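**Student:** Everything below, folded, please.
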Amino acid sequence: MNNNSHRNNMEILKIKISEPLKEDIKILAYIKGVTMTKLVTQTLENVVQKAHEEIEEIRCRRAKK
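**Tutor:** Numbers count the residues shown, from 1 in each chain. This next block holds a predicted model:
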């Protein structure tokens, strides 16, 4: 699986999810007009970005002490 848009940042994850959740993701992806993979990737990228921001915030607070 090669995706040049992610270049060297691409990793392949194998995620087990329940069938009802998989169906919900499939429906939401259809509504948004994207693939399931794209929807899950965008969601994970958002989570990782939020975690990064929280870590930076904690570091700044600690540095001020």
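
**Student:** Please make it C-alpha for all contacts and neighbour counts, starting now.
**Tutor:** Noted.

**Student:** Give me the helices and strands touching the strand or helix carrying C60, please.
**Tutor:** According to DSSP states H and E, C60 maps onto helix 36-64. With contacts taken as 3 or more Cα pairs under 8 Å, 6 or more residues apart in numbering; DSSP states H and E, helix 36-64 sits against helix 19-32.

**Student:** Next, the buried residues of the helix it packs on.
**Tutor:** 25-26, 29 (16 or more other Cα atoms under 10 Å).

**Student:** what does that helix contact?
**Tutor:** Here helix 19-32 makes contact (Cα atoms under 8 Å, 6 or more residues apart in numbering) with 35-36, 39.

**Student:** rerun at 6 Å
**Tutor:** 35-36 (Cα atoms under 6 Å, 6 or more residues apart in numbering).

**Student:** Which pLDDT value belongs to L21?
**Tutor:** What the model reports as pLDDT for L21 is 95.

**Student:** hang on, the earlier thing: between the helix holding C60 and helix 19-32, how big is the angle?
**Tutor:** 100 degrees (axes from the mean of the first three to the mean of the last three Cα atoms, to 10 degrees).
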